[in-house]
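Participant: need coordinates for the below:
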Amino acid sequence: MRILDVDISKKYLADIRRLHLLAVELGLGDPPSLREFHSILKNGGTFVDLKTLKKQENKRKISKGYMWALFCAVFWGLWYLPGTVVWVLNPFDEMYAAIAKASGDGMSLVVTAVLITAFNALTVMLALMVWNGVLGKYGELGRTLREFHPCSKWFFLASIFGGPIAILGSFIAMGFIGGAFAAVAGLLYPVIGSILAYYWYGEKISKRAIIGIGIIVLGGISIYGGGVLTELSSGNIPWIGYLGGLMAAAGWGIEGAIAGKGLDIAEPDAGLTLRFLGENIIWWVIIVPILAILGFPMYSFAFQVFEPLTLLVLVFAGITFGFCYVTWYKSFPLIGVGRGQGIGNLYGFCAVIFIFLFFGDMPEWTIILGGLLCIIGSFIMFTEDTSALETLRGE
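Facilitator: All right, here's what the predicted structure looks like:
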């Protein structure tokens, strides 16, 4: 039996290695390992089975992962408030009107959304730099950046899907249809993230998770199908707005799977900052200059954002979205991409509540139904028995 049949006082357990060697010399058969001696020390000389300790530690890890994902949902839901308000503030409202005269409403909304998304990325980056400074992680940030091939390349790749696809798509959906639709439309992203993580690096998907994914898909059909039927009856279909919602769902799902790969070896705070560094490069070094060369007044309106109210809204967007991403990325190594995205899906519910409380906007019943189905599916995914999550990857 792997039992130490004597109660040893803590003061004699200071040198765990020496006691282990003593147990071997005394011929106790199968003596406790060094880790087991350490557990004896922590428990006043009483032997605790390592399997029990492992189970307790796993339970704490899972609880912490779900806590991070829940915080993500709250911050993400809050982000839709400044994300909706910013459209009616100078210079973005004037930019939309100026471009619409020459290029039409559709092109104007997309170009304005590009500038809004670029400023969103910039304010998030500033918030993350402050966050890393407070945590004293600038050194870790530099080390992660230098390890491009095994590590940082994944975060730069994630920035492509998270920024120009997901976040831009969400802003487009807000501009064309509304904040409530934009929030609920993105609820499909855990389906994409879970499937990619499963086929790419073997992250486990249980039967319970598959059921949850199926319910989320039904929710997505309700969100999009109901809205399209309503618009068909009126003869006016904002296709670009629906496309923006699909971009958000696909982009965030793919980004989550890519980030999960990078987080195998990277620290979440440092990795996330590199992800937004990549997005800022995409916007401010590539896309915004190209649009300016094509004749759009990008820089003339960009320099007008220093009005106090506009700056306040952009800073609020940066803080809420920055910490939404911090908590999102921290949940992935603890509970996996699919489950982290599943509970993070509650952001749609939070966003609809916040938008209703602050703006009084009540979404269509089909959107509410679809949102409820997505939330139910997410709930089914994250209420798995923690014993099923001891190993996130397949053998």
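Participant: counting contacts, what elements does the helix ranked longest in the chain pack onto?
Facilitator: In the chain, ranked by residue count with DSSP state H as the criterion, the top helix is helix 50-85. For helix 50-85, the packing partners by 3 or more CB pairs under 8 Å, 6 or more residues apart in numbering; DSSP states H and E come out as helix 34-42, helix 168-176, helix 179-185, helix 308-335, helix 337-344, helix 347-359. Just so you know, the C-beta spots here come from the backbone N, C-alpha and C atoms, and that holds for glycine as well.
Participant: send the alpha carbons of the shortest one over as CSV?
Facilitator: Extracted as CSV, the C-alpha positions of helix 179-185 are listed here (Å, rounded to 0.1, in the frame of the first residue of the first chain):
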residue,chain,number,x,y,z
GLY,A,179,-26.3,47.1,-32.3
ALA,A,180,-28.7,44.4,-31.0
PHE,A,181,-28.5,42.5,-34.3
ALA,A,182,-24.7,42.9,-34.5
ALA,A,183,-24.4,41.4,-31.0
VAL,A,184,-26.7,38.5,-31.5
ALA,A,185,-25.5,37.7,-35.0
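Participant: give me the mean pLDDT for it.
Facilitator: When the per-residue pLDDT values of helix 179-185 are averaged, the result is 76.
Participant: contact partners of stretch 280-292?
Facilitator: Around stretch 280-292, the neighbours that count as contacts under CB atoms under 8 Å, 6 or more residues apart in numbering are 111, 114-115, 117-118, 121-122, 125, 159-160, 163-164, 298-299, 302.
Participant: endpoints of that stretch, how far apart?
Facilitator: When the termini of stretch 280-292 are compared using CA to CA, to the nearest Å, they are 16 Å apart.
Participant: measure how far the longest helix of the chain is from the centre of its chain, please.
Facilitator: 10 Å (CA atoms, centre = their mean, to the nearest Å).
Participant: buried residues, the next helix or strand after it. List them.
Facilitator: The element immediately downstream of helix 50-85 (helix or strand, assigned by DSSP states H and E) is helix 92-103. Buried residues in helix 92-103, counting neighbours by 16 or more other CB atoms under 10 Å, are found at 92, 95-96, 98-100.
Participant: can you count the residues close to residue 317?
Facilitator: Taking other CB atoms under 10 Å as the neighbour definition, residue 317 ends up with a count of 24.
Participant: so it touches residue 79, yeah?
Facilitator: Yes - with contact defined as CB atoms under 8 Å, residue 317 and residue 79 form a contacting pair (6.2 Å).
Participant: for the nearest residue to residue 98 once chain neighbours are set aside, give me its contacts.
Facilitator: Nearest in space to residue 98, with sequence neighbours left out and distances taken as CB to CB, 6 or more residues apart in numbering, is residue 297 at 6.5 Å. Residues in contact with residue 297, defined by CB under 8 Å, 6+ apart, are 95, 98-99.
Participant: just the pLDDT for residue 297.
Facilitator: Predicted confidence (pLDDT) at residue 297: the value is 94.
Participant: same question for residue 10.
Facilitator: Predicted confidence (pLDDT) for residue 10: 44.
Participant: list the buried residues of the helix or strand harbouring residue 195.
Facilitator: Under the criterion DSSP H and E, the helix or strand holding residue 195 is helix 189-201. Taking 16+ other CB under 10 Å as the neighbour-count basis, helix 189-201 is seen to contain the buried residues 189-198.
Participant: check which helices and strands it sits against.
Facilitator: Other elements packing on helix 189-201 under the criterion 3+ CB pairs under 8 Å, 6+ apart are helix 207-234, helix 239-262, helix 337-344.
Participant: which of these sits closest to residue 309?
Facilitator: With distances scored as CB to CB, the stretch of these nearest to residue 309 is helix 239-262 (25.3 Å).
Participant: now the helix or strand that comes right after that closest one: average pLDDT?
Facilitator: Proceeding N to C from helix 239-262, the next assigned helix or strand is helix 268-281, under DSSP H and E. Averaged across helix 268-281, pLDDT comes to 93.
Participant: from residue 260, how far off is the most centrally placed residue in the chain?
Facilitator: Nearest to the centroid of the C-alpha atoms of the chain, with distances taken as CA atoms, centre = their mean, sits residue 328, at 3.5 Å. Per CB to CB, to the nearest Å, residue 328 is found 11 Å from residue 260.
Participant: what's the burial count for residue 272?
Facilitator: 27.
Participant: quick check, it in contact with residue 323.
Facilitator: No - the pair residue 272 and residue 323 fails to qualify as a contact (CB under 8 Å) at a distance of 10.3 Å.
Participant: wait, doesn't residue 178 sit right on residue 361?
Facilitator: Yes - taking CB under 8 Å as the contact criterion, residue 178 and residue 361 are neighbours in contact, 6.6 Å apart.
Participant: okay, the two: which has more neighbours?
Facilitator: Applying other CB under 10 Å to residue 178 and residue 361 shows that residue 178 carries more neighbours, namely 20 against 14.
Participant: and stretch 354-371, C-alpha only, in PDB?
Facilitator: Extracted C-alpha coordinates of stretch 354-371, given in PDB (Å, rounded to 0.1, in the frame of the first residue of the first chain):
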ATOM      1  CA  PHE A 354     -27.400  46.900 -22.000                       C
ATOM      2  CA  ILE A 355     -28.700  48.300 -25.300                       C
ATOM      3  CA  PHE A 356     -32.300  48.100 -24.200                       C
ATOM      4  CA  LEU A 357     -31.500  49.800 -20.800                       C
ATOM      5  CA  PHE A 358     -29.400  52.600 -22.300                       C
ATOM      6  CA  PHE A 359     -31.100  53.200 -25.700                       C
ATOM      7  CA  GLY A 360     -34.500  51.600 -25.400                       C
ATOM      8  CA  ASP A 361     -34.000  49.500 -28.500                       C
ATOM      9  CA  MET A 362     -36.100  46.300 -28.500                       C
ATOM     10  CA  PRO A 363     -34.900  43.800 -31.100                       C
ATOM     11  CA  GLU A 364     -37.300  41.700 -33.200                       C
ATOM     12  CA  TRP A 365     -38.800  38.600 -31.600                       C
ATOM     13  CA  THR A 366     -36.900  36.300 -34.100                       C
ATOM     14  CA  ILE A 367     -33.600  37.900 -32.900                       C
ATOM     15  CA  ILE A 368     -34.600  37.400 -29.200                       C
ATOM     16  CA  LEU A 369     -35.600  33.800 -29.900                       C
ATOM     17  CA  GLY A 370     -32.300  33.100 -31.800                       C
ATOM     18  CA  GLY A 371     -30.400  34.700 -29.000                       C
END
